[in-house]
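1. Below is the sequence, then the predicted model.
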Amino acid sequence: MLIYLLFIISPFIAPIAYTFGIWNTTSSTTRKLWTQAILLSLYVAVLGCTKELDGDFLEYQEYFLSVPKYGFIDYLFSFGKEPLYYAYTYVSYYLFFGNWNLFVVSFTFINYILLSYAVITIGKKINANIKTVITALYIMAFFFQELAVSGNLVRQCLAQSLTVVFFVCLYINNKRKWWIALSAICIHSSCIPILGLGLIPMMKKRYTLKSFIKLLAILLVFISLFYAAGNIFSNIPFIGYIFSRATNSEQLLGQDSWQEEVGLTTVMIILLMILSYMALVIYRNKNSQETEKVISMVNFNIILILSMAICNAIGAYYLLMRYFFFIYAFQNTLIIIYLNKSKFMHNDAVRVSLIVIFILYFFYNLANNIFSYAPLEEAIVYPAPMHIF
């Protein structure tokens, strides 16, 4: 409990101090990892509520503050979109006494804690040591792009995280928790094609050259069917608009208002190259039983990477932008596997260096991003209540 008191006083120092305390521990690791995940997720969530109100974020605030004008059922059906997020918004308004910042903290925390579940679950499955899992949690928390997207595409980020959890349950724990998939769809229907991709039968085995070529053909057919399905499903209540966008050539080949450029940017290409390298390293390790237990998650990351390359090649830039964000969520499942398989000359030094690099990367982007957050000194020094209230 003392660590949470420290968090209230210094939300940045608390997770780092806790890391120092558990770095070399060998007992009760799952409980300690969850405490670490909670502290990191809370810190990012607190910073999330300092984002400037602009674009979609401002619109979400307007939806939140309009709750008292509606009854519960009327509110769910007022926006013509997936109802589960709006049910959550309605309940949260009264739970948090109409405090917008607390609401932002809540959905940002949920987003990150779901991703933490995926990292910790996979880490346990492959017998990763506590240092490896902690490093993966820091990379997840301080990958700035995830925070930037979660403060703009709120519903999609929540749906993405639920989709990650669904596939971790399906492929890592062998549990078919369809209610999680349904919840994701009822928050944002963009996850429908991702769920479809993840259920490809060849997901559970290593790809050979033959199966890889077959996979490419399947992806081309799948993307074509998704485009064609717009004419059929575009009029379905709540989920139809995601398909209607696929049939709108202007939107399909265009960009969102906040995008400065279309297609794969330099940063996107670098990220895809790094993730591809990680997948290749994991694939080369053919004699590892731990890797075979989680090969489905590696395969799914490969499918996402290939899908983005295809979207870019055919000029489907809107789909590329929307679905590239799923990589931000799913990459964490690949990173934990890669870190566990990579043997560095000085493992501890490399892991500590990665943590420091991502923290610095996070704060650099926090100070220089197109979206404004709390000033750097406030993000590091201010106690949690000063950010929220």
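-> Right, received. Where do you want to start? What you are looking at is a predicted structure, and each value in this text was computed from that prediction instead of being measured.
2. In space, what's closest to the spatially most central residue of the chain - neighbours in sequence excluded?
-> Centroid-nearest residue in the chain: Ala329, 2.7 Å away (criterion: CA atoms, centre = their mean). Among residues not flanking Ala329 along the chain, Gln160 sits closest, at 4.1 Å (CB to CB, 6 or more residues apart in numbering). All C-beta spots, glycine's among them, are computed from the backbone N, C-alpha and C.
3. mind checking which helix or strand the one you found is in?
-> In this structure, Gln160 sits in helix 154-171 according to DSSP states H and E.
4. Does the residue nearest to the centre of the chain touch Tyr112 like I think?
-> No: counting by CB atoms under 8 Å, Ala329 stays clear of Tyr112, with 10.3 Å between them.
5. Just list the residues touching the residue nearest to Ala329, thanks.
-> Shown in contact with Gln160 (CB atoms under 8 Å, 6 or more residues apart in numbering): 184, 191, 325-326, 328-329.
6. Let's have these in JSON lines, adding secondary structure.
-> What follows is those, written out as JSON lines (DSSP: H, G, I helix; E, B strand; the rest coil):
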{"residue": "Ala184", "secondary structure": "helix"}
{"residue": "Cys191", "secondary structure": "helix"}
{"residue": "Phe325", "secondary structure": "helix"}
{"residue": "Phe326", "secondary structure": "helix"}
{"residue": "Tyr328", "secondary structure": "helix"}
{"residue": "Ala329", "secondary structure": "helix"}
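7. quick one: buried residues of stretch 89-109?
-> 89-90, 92-93, 96, 99-100, 103-109 (16 or more other CB atoms under 10 Å).
8. which stretches of the stretch 201-350 of the chain aren't confidently modelled?
-> 223, 226-263, 287-288, 345 (pLDDT under 70).
9. which residues of it fall in helices?
-> In the stretch 201-350 of the chain, the helices defined using DSSP state H, counting those that start in this stretch lie at 209-233, 240-247, 249-252, 266-284, 289-293, 295-314, 317-341, 347-368.
10. Ile130 is nearest to which of these?
-> helix 347-368 (10.6 Å; CB to CB).
11. Name the next helix or strand downstream of that closest one, please.
-> Defined by DSSP H and E, the subsequent element after helix 347-368 is helix 376-381.
12. Tell me the helices and strands packed up against that following helix.
-> helix 347-368 (3 or more CB pairs under 8 Å, 6 or more residues apart in numbering; DSSP states H and E).
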